[in-house]
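Chemist: Quick check, what structure comes out for this input:
(2 chains)
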Amino acid sequence: MFTISMDKNNEIKLTGRLDASQVDKAKEVFSKVETSCVVNFTELEYISSAGLGVLLQAQKLLKDKGYDIKLINLNDHILDIFKWTGFDQLFEIT
Amino acid sequence: MEKSFARNINALDDLFSFLAKFVNEHQLDNSVAFALNLVVEELFVNMVKYHCDNPSPISVSLNKKDGKLVLELIDFNVDPFDITKTDAFDPNQPLEQRKAGGMGIHLVKTVMDDVLYHYDEHERISKIQLIKNI
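Modeler: Numbers count the residues shown, from 1 in each chain, chains lettered A, B, ... in the order given. Below you'll find the predicted structure:
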């Protein structure tokens, strides 16, 4: 189960498991982001390279426009994946 | 444990349930469970993506013995693709040069302690064996 929602303050909340079967849901929301945003990982349990690909594409598009994506509250397993792929250098993570 | 899965991204839920059953039976910790989910998803999705017209299911087997977790993914009626000889992914690339491809195999090789590949040319069977010390 995966859900994604964006609130009025441009914070995107992810919950559940972002695997290859769920990336279309994530793409749909990120495609609507037009300015800097925060992605809240508090309730995201799992992510694979398919999910990383969505974040990468969104970050590239926003950076081209002078904006960026910040990530908050990643669990230790997800943080490991970001380190192994160098994604911790592509995003501000707090 | 061994089970075959339809060559479809929508089979991932069944695949994760199969992995969860193994994790529970062997009381594996969260970090091993996460690694197991990650590597099996990455390889399964690659097999689906690169041979999408192939009607053959994909076989996944799991074993735990002597402090080692041994996984095998077997793909039938396919061309060879030796993942042990492929890792073009550079985790130090800047954002503007980044592409999504290659991350999955890089993660598999990072997470697992050993990755072995065997291709049976006569039967056209690819077998990927993954070993993790636990």
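Chemist: in chain B, which spans are strands?
Modeler: Secondary structure of chain B (DSSP state E): strands located at B:2-5, B:58-65, B:68-76, B:114-120, B:125-133.
Chemist: Let me have these in a markdown table, extended by distance to A:Val29.
Modeler: C-betas here are computed from N, CA, C, even on glycine. Formatted as a markdown table, the strands of chain B follow (distance: least, C-beta to C-beta, whole Å):
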| stretch | distance to A:Val29 |
| --- | --- |
| strand B:2-5 | 28 |
| strand B:58-65 | 30 |
| strand B:68-76 | 31 |
| strand B:114-120 | 34 |
| strand B:125-133 | 33 |
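Chemist: Mind naming the longest strand for chain A?
Modeler: Secondary structure assigned by DSSP E gives strand A:37-47 as the longest strand of chain A.
Chemist: Quick one: distance of that one to the chain centre.
Modeler: Offset of strand A:37-47 from its chain centre (C-alpha atoms, centre = their mean, to the nearest Å): 7 Å.
Chemist: Now do the buried residues in that strand.
Modeler: A:Cys37, A:Val38, A:Val39, A:Asn40, A:Phe41, A:Leu44, A:Glu45, A:Tyr46, A:Ile47 (16 or more other C-beta atoms under 10 Å in any protein chain shown).
Chemist: swap in stretch A:50-59?
Modeler: Applying a neighbour-count criterion of 16+ other C-beta under 10 Å, one finds A:Ala50, A:Gly51, A:Leu52, A:Gly53, A:Val54, A:Leu55, A:Leu56, A:Gln57, A:Ala58, A:Gln59 buried in stretch A:50-59.
Chemist: give me the subset of those touching chain B.
Modeler: A:Ala50, A:Leu52, A:Gly53, A:Leu56, A:Gln57, A:Gln59 (C-beta under 8 Å from any C-beta of the partner chain).
Chemist: Among these, which are located in helices?
Modeler: Members of those lying in helices (criterion: DSSP state H): A:Ala50, A:Leu52, A:Gly53, A:Leu56, A:Gln57, A:Gln59.
Chemist: how close does the second one sit to B:Ile134?
Modeler: This points to A:Leu52. Per C-beta to C-beta, to the nearest Å, A:Leu52 is found 25 Å from B:Ile134.
Chemist: Next: the third one.
Modeler: The spacing between A:Gly53 and B:Ile134, counted by C-beta to C-beta, is 29 Å.
Chemist: ok, now which ones touch B:Asn46?
Modeler: Applying C-beta atoms under 8 Å, 6 or more residues apart in numbering or on different chains to B:Asn46 gives the contacts B:Gly104, B:Ile105.
Chemist: does any bit of stretch A:22-40 sit next to chain B?
Modeler: No: residues of stretch A:22-40 contacting chain B under C-beta under 8 Å from any C-beta: none, with a closest distance of 8.8 Å.
Chemist: Show me which residues of that stretch are buried.
Modeler: Neighbour counts over stretch A:22-40 (16+ other C-beta under 10 Å) mark A:Gln22, A:Val23, A:Ala26, A:Val29, A:Phe30, A:Val33, A:Cys37, A:Val38, A:Val39, A:Asn40 as buried.
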